[in-house]
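K.L.:
Could you work out the structure for the sequence below:
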Amino acid sequence: MPVQATPHVLYGAPHSLYTGKARCYLRNQGIAYIERPTSHPDFVSRIAPALGRAIIPVLETPEGEIVQDTIDIIDHFERKGSTRPVYPGTPLQCVVAVIIEYFGGQAMLKHAMHYRWSYLAEQQDFLRHAFVSGSGNAVADKVMARMQSYLPMLGVTNDTVPLIERAFETVLDTLDAHFAVMPYLFGARPSIADYGLIAPLFAHLGRDPVPAAIMKIRAPRVYRWVERMNAPGLDTVEYPASEPAFVAGDAIPASLEPFLSCIAEDIFPELDDKLAFFDQWITEQAPGDGAPVTDKPHRRRLGVVQTHYRGVPIEVGAEPYLLYVLQRAADTMAILNEEAAQRVWAELKRLGLERAVPAGRDYRVARENNIEVWRFD
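P.N.:
Okay, the predicted model is just below:
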């Protein structure tokens, strides 16, 4: 992809989980951009009103197109053609990559938000500097308080904190072992899985002092991967023999499988229960085709789900956006012939991840004018 002479504008913040995902993609792909905070006059006067909500990241193209959401930002450039496409061209790798992206951007909100806000006293100066820099002094305290208030609806409680911290350590340990073998999750170039995972592992867990110190001490290769993902191009000096490609033959690297086991333990049964909630909600509410998924653009949750995290009862919010993430895995499965589909399903079952593919539903979440809407077959 040629470097854009006139830069795109990325509205975001250094400490923003999803901005980090979009920023890494732009840097790795050599796309010229400038970054502006939400306090910038253009965001206040033009971007937020056009979206109907104040949300980041947002990309404004040189042509004036506004693209919100990291998936949409990445796909905007992928459709134009990329020198290093991020979606593996083989079905098993593509499906697993999307599941990892979901884990990073959705399930790991527990880990990211816990370490940011449960350890506020230990890192308050760092966080306040970040939020003042991004939002301005006048609103920083309000934004920080609002973010802290999200913990219960993410399932972060006194009972789950020890389990979340143990899970984070397992994530670090299994990824550190994998990065001893290869520089990225599926080989020697980043996939959509890497971009999904960098979201929590950079902005929160790789920058905030408490979790970043744990990462540096316990998993130095993971921290190095965080650096690599934020570098322009492919920063793979430790792997001199690697070629910038995904692992051949639609194979899942053996070194990645312990990490995938950790994902399965972390996301179920919560994901099962959220999908069941959506099925019931669609049946009972019968929304029209094209109807917004919630009554207001800034409202993300449809309701509350009673479920469990690693055996402990929790109450969590159910956001239809997770379907927008995972339905790309179902779309990949839907176009396979029977033999290929059976092979992929068998591998997913072996890995304990088959229930993460929301197949067989007659509804989906689409995005129109940067707002999630319901679509029906």
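
K.L.:
give the contact list for Ala145.
P.N.:
Contacts for Ala145 (Cβ atoms under 8 Å, 6 or more residues apart in numbering) come out as none. (Glycine included, C-beta is placed from N, CA and C.)

K.L.:
Could you give the separation of the helix or strand hosting it from the chain centroid?
P.N.:
In the assignment (DSSP states H and E), Ala145 maps to helix 137-149. Taking Cα atoms, centre = their mean, to the nearest Å, one finds the center of helix 137-149 at 22 Å from the center of the full chain.

K.L.:
List the buried residues for that helix?
P.N.:
Judged by neighbour count (16 or more other Cβ atoms under 10 Å), helix 137-149 contains these buried residues: Ala140, Val143, Met144.

K.L.:
where does the protein have low pLDDT?
P.N.:
Under the criterion pLDDT under 70, the flagged ranges of the chain are 1-5.

K.L.:
Let me see the ranges of the strands in it.
P.N.:
For the chain, the strands defined by DSSP state E cover 8-11, 33-36, 58-60, 66-68, 303-309, 312-318, 363-368, 371-376.

K.L.:
For Ile314, grab the count of nearby residues.
P.N.:
The tally of other residues near Ile314 (other Cβ atoms under 10 Å) stands at 21.

K.L.:
how much space between the residue nearest to it when sequence neighbours are not counted and Arg355?
P.N.:
What sits nearest to Ile314 in space, not counting adjacent residues and going by Cβ to Cβ, 6 or more residues apart in numbering, is Gly155, at 3.8 Å. Noted for Gly155: a distance of 18 Å to Arg355, by Cβ to Cβ, to the nearest Å.

K.L.:
Of those two, give the one with the bigger neighbour count.
P.N.:
Neighbours were tallied for Gly155 and for Arg355 using other Cβ under 10 Å; the higher tally belongs to Gly155 (26 against 16).

K.L.:
Verify the contact between the more buried one and Gly317 for me.
P.N.:
No: contact criterion Cβ atoms under 8 Å: Gly155 and Gly317 do not qualify, at 9.2 Å.

K.L.:
Ala112: what's it in contact with?
P.N.:
For Ala112, the contacting residues are Leu17, Pro200, Ala203, His204, Leu205, by Cβ under 8 Å, 6+ apart.

K.L.:
Select from those the one having the most neighbours.
P.N.:
Pro200 (30 neighbours).

K.L.:
hang on, isn't that one packed against Tyr102?
P.N.:
No: with contact defined as Cβ under 8 Å, Pro200 does not reach Tyr102; the gap is 11.9 Å.

K.L.:
how about the helix holding Ala145 as CSV, C-alpha atoms only?
P.N.:
C-alpha atoms of helix 137-149 as CSV (Å, rounded to 0.1, in the frame of the first residue of the first chain):
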residue,chain,number,x,y,z
ASN,A,137,-8.3,19.1,33.1
ALA,A,138,-11.9,20.1,33.4
VAL,A,139,-13.4,16.7,32.6
ALA,A,140,-10.6,14.3,33.6
ASP,A,141,-12.0,13.5,37.0
LYS,A,142,-15.5,12.8,35.6
VAL,A,143,-14.1,10.5,32.9
MET,A,144,-11.9,8.6,35.4
ALA,A,145,-14.8,8.2,37.8
ARG,A,146,-17.1,6.9,35.0
MET,A,147,-14.4,4.4,33.9
GLN,A,148,-14.1,3.1,37.5
SER,A,149,-17.8,2.6,37.7
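
K.L.:
Could you dump the buried residues of helix 137-149 into TSV and include distance to Ala341?
P.N.:
Shown next, in TSV, are the buried residues of helix 137-149 (distance: Cβ to Cβ, whole Å):
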residue	distance to Ala341
Ala140	50
Val143	45
Met144	47
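
K.L.:
nearest to Tyr11, of those?
P.N.:
Of all those, Tyr11 sits closest to Val143, with 15.1 Å by Cβ to Cβ.

K.L.:
Is it correct that that closest one is in contact with Phe131?
P.N.:
Yes: in this structure Val143 lies within contact range of Phe131 using Cβ under 8 Å: 5.7 Å.

K.L.:
Out of the strands of the chain, which one sits most buried?
P.N.:
Stretch with highest mean neighbour count among those: strand 58-60 (a mean of 24; mean count of other Cβ atoms under 10 Å).

K.L.:
contacting residues around that strand?
P.N.:
Contact with strand 58-60 is made by 8-12, 22, 33, 43, 47, 51, 66-68, 73, 76, as judged by Cβ under 8 Å, 6+ apart.

K.L.:
outside of stretch 115-132, which residues touch it?
P.N.:
Against stretch 115-132 from outside (Cβ under 8 Å, 6+ apart): 13-15, 140, 143-144, 147-148, 151, 156, 161, 168, 204-205, 208-211.

K.L.:
how far is it from where the chain is centred?
P.N.:
22 Å.

K.L.:
Same question for stretch 49-67.
P.N.:
Stretch 49-67 has its C-alpha centroid displaced from the chain centroid by 19 Å (Cα atoms, centre = their mean).

K.L.:
Show me which residues of that stretch are buried.
P.N.:
Residues of stretch 49-67 classed as buried by neighbour count (16+ other Cβ under 10 Å): Leu51, Ala54, Ile55, Ile56, Pro57, Val58, Leu59, Glu60, Thr61, Ile66, Val67.
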